[in-house]
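1. Here you go, sequence then predicted model.
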Amino acid sequence: MNLKDFEYVKAIAQYKHFRKAANACFVSQPTLSGQVKKLEHELGVTLFDRSTKQVTLTAKGERLLTQIEIILEQTQILKELAATSNEPLQGKLTIGIIPTIAPYLLPALLTSMKAAFIDSQFSFIEMQTATILEALNNGELDFAILADVPELINYHTVALYKEDFLVAVSQDNALSKHKKVALNDLQGCSLLMLSDGHCFKDQAQKFCFSAGVDISNQYKGNSLETLLALVAMDDGITFVPKLACTDRVGIDYLPIFPNQQRNVVFACRKHYPHLSGVEQLGKWLSAHPNLKAKLTKDLG
C-alpha cells in the first residue's frame with residue numbers, strides 16, 4: 001500500500017463516484033479502481049459498496065477512512081515542516097477571511113504586512129465561516145481570520161482584537177439625534193441583516209432576540225455595503241462592526257448600550273506545523289497602529 005492509494009480512497013469517499021474521484025486525482029478511472037482493489041485485497045476488507053449508482057463506504061471502510069485521513073494529514077505536516085526549515089512563515093500561505101472583515105482590515109494592513117514578512121507570499125480568500133472550517137480541515141487553508149464562534153473549540157486560535165458593534169442609521173432617522181442607543185430603542189425599526197451563513201448575522205440576532213427586536217426581510221444578501229446603501233436612503237437600520245464604520249454620506253454610527261462586541265481571531269488546525277508563525281503574525285497584527293487607530297476612532 002502507498003499514500004496514493006489512500007488519496008484515492010479519500011477522493012472516492014468525498015465524490016461517491018469513481019470517475020469524479022479519478023478526475024480529481026488526475027488519473028484514469030481504471031488506474032484508480034485497480035489500485036483501490038489492490039488495497040482492499042491487501043487489507044482483506046471491502047472498503048466500498050459498489051452495488052448502487054452512488055458509491056458508499058462500508059462500515060469497515062468508514063472506520064478505516066478515519067485513520068487514512070489522519071495518515072494523510074500527518075504526512076502533509078511532515079512535508080511542510082521539512083520544506084520550511086526554521087522559518088515558520090516562509091513560502092506561500094493561503095488565508096481564509098470572512099466577508100465582514102476582509103474589505104475593512106486588509107486595506108489597512110496588507111502593504112505593511114507584506115513588507116514585514118518578506119519571505120511569505122500571502123493569498124487571501126473570502127469565505128463564510130462554515131466554508132473556512134471545512135477548508136482548514138482539508139488543508140486548503142493554512143489559517144483564517146474570523147470572528148470567534150463556539151465551533152472553534154476544535155481549532156487552535158490566536159486572539160487578534162475585540163471589535164464593537166454599532167448601529168448605522170440615516171441622518172434623516174429620528175435615532176440619529178441620540179448619542180447612543182439601547183437595544184430596546186430599536187423596537188419598531190426596520191432592522192436589515194445579512195443572509196444566513198454569516199456569523200456576523202448570528203451574533204447580531206442573538207442580542208436582537210433578547211431585546212425583542214424584529215428583523216426585516218426586505219434584503220438578505222452577502223454585502224454590508226448594500227445594507228449601508230439602504231440605510232443611507234433611510235430604508236432601514238443595521239448593525240456594523242467598528243472597522244466598517246468609515247465616513248459615508250448620510251449615515252451616522254451610534255454606540256450600543258450595553259456595549260456589544262465580537263472577538264476576531266486567527267484560527268488553524270490544532271496540529272498545524274507552524275503555530276509559532278501564526279502566533280508571531282497575530283502579535284504583529286494586534287499591535288499594528290492602523291488597526292488600533294480604527295478600533296479606537298471616535299465616531300461622534
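-> Structure's in. What do you need?
2. Please determine how far the nearest residue to residue 262 once chain neighbours are set aside is located from residue 200.
-> Nearest residue to residue 262 in three dimensions, chain neighbours excluded: residue 147, at 4.7 Å (Cβ to Cβ, 6 or more residues apart in numbering). No exception for glycine: its C-beta is placed from N, CA and C like everyone else's. Distance of residue 147 to residue 200, given as Cβ to Cβ, to the nearest Å: 7 Å.
3. what touches both of those two?
-> Common neighbours of residue 147 and residue 200, counting by Cβ atoms under 8 Å, 6 or more residues apart in numbering, are 98, 100, 262.
4. which ones are touching the residue lying closest to residue 269 once chain neighbours are set aside?
-> Nearest residue to residue 269, sequence neighbours excluded (Cβ to Cβ, 6+ apart): residue 136, at 5.7 Å. For residue 136, the contacting residues are 96, 143, 144, 155, 267, 268, 269, by Cβ under 8 Å, 6+ apart.
5. Looking at those, which are in helices?
-> Assigned to helices by DSSP state H, none of those qualify.
6. Closest one of the residues you listed to residue 61?
-> residue 269 (24.2 Å; Cβ to Cβ).
7. Go ahead and confirm the closest one touches residue 137.
-> Yes - Residue 269 is in contact with residue 137 according to Cβ atoms under 8 Å; the separation is 7.2 Å.
8. of those two, who's got more company?
-> With neighbours defined as other Cβ atoms under 10 Å, residue 269 and residue 137 compare such that residue 269 has more, 18 against 14.
9. got a list of what the more buried one touches?
-> If a contact means Cβ under 8 Å, 6+ apart, then residue 269 has 73, 136, 137, 139, 155, 156 as its contacts.
10. Model confidence at the first one, what's the number?
-> Spelled out, it's residue 73. pLDDT for residue 73: 81.
11. which other helices and strands contact the helix or strand hosting residue 253?
-> Element membership of residue 253, judged by DSSP states H and E, is strand 251-257. Secondary-structure packing of strand 251-257 (3 or more Cβ pairs under 8 Å, 6 or more residues apart in numbering; DSSP states H and E): strand 156-170, strand 181-182, helix 224-232.
12. will you turn these into TSV that also has mean pLDDT and distance to residue 285?
-> Below are the helices and strands packed on strand 251-257 laid out as TSV (pLDDT from 0 to 100; distance: least, Cβ to Cβ, whole Å):
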stretch	mean pLDDT	distance to residue 285
strand 156-170	93	6
strand 181-182	88	31
helix 224-232	90	21
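13. what about the helix or strand residue 277 falls within, average pLDDT?
-> Following DSSP H and E, one finds residue 277 within helix 275-286. Taken as a whole, helix 275-286 carries a mean pLDDT of 89.
14. Show me the chain divided up by domain.
-> If you go by automatic domain parsing, the domain ranges for the chain are 3-84, 91-161+263-296, 163-261.
15. Can I get the host helix or strand of residue 9 in CSV, CA atoms only?
-> Per DSSP H and E: residue 9 is located in helix 3-15. Extracted in CSV, the C-alpha atoms of helix 3-15 (Å, rounded to 0.1, in the frame of the first residue of the first chain):
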residue,chain,number,x,y,z
LEU,A,3,-0.1,7.1,0.1
LYS,A,4,-1.5,7.5,-3.4
ASP,A,5,-3.9,4.6,-2.6
PHE,A,6,-5.0,6.4,0.5
GLU,A,7,-5.7,9.6,-1.5
TYR,A,8,-7.8,7.6,-4.0
VAL,A,9,-9.9,6.2,-1.1
LYS,A,10,-10.4,9.7,0.3
ALA,A,11,-11.4,11.0,-3.0
ILE,A,12,-13.9,8.2,-3.7
ALA,A,13,-15.4,8.8,-0.2
GLN,A,14,-15.7,12.5,-1.0
TYR,A,15,-17.2,12.3,-4.5
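16. Off-centre distance for the helix or strand just after that helix?
-> Proceeding N to C from helix 3-15, the next assigned helix or strand is helix 18-25, under DSSP H and E. With Cα atoms, centre = their mean, to the nearest Å as the basis, helix 18-25 stands 27 Å off its chain's centre.
17. Surely residue 153 is within a helix?
-> Yes - using DSSP: H, G, I helix; E, B strand; the rest coil, the assignment for residue 153 is a helix.
18. The closest residue to residue 167 other than its chain neighbours and residue 144: what is the separation?
-> Nearest residue to residue 167 in three dimensions, chain neighbours excluded: residue 254, at 4.7 Å (Cβ to Cβ, 6+ apart). Residue 254 sits 30 Å away from residue 144, going by Cβ to Cβ.
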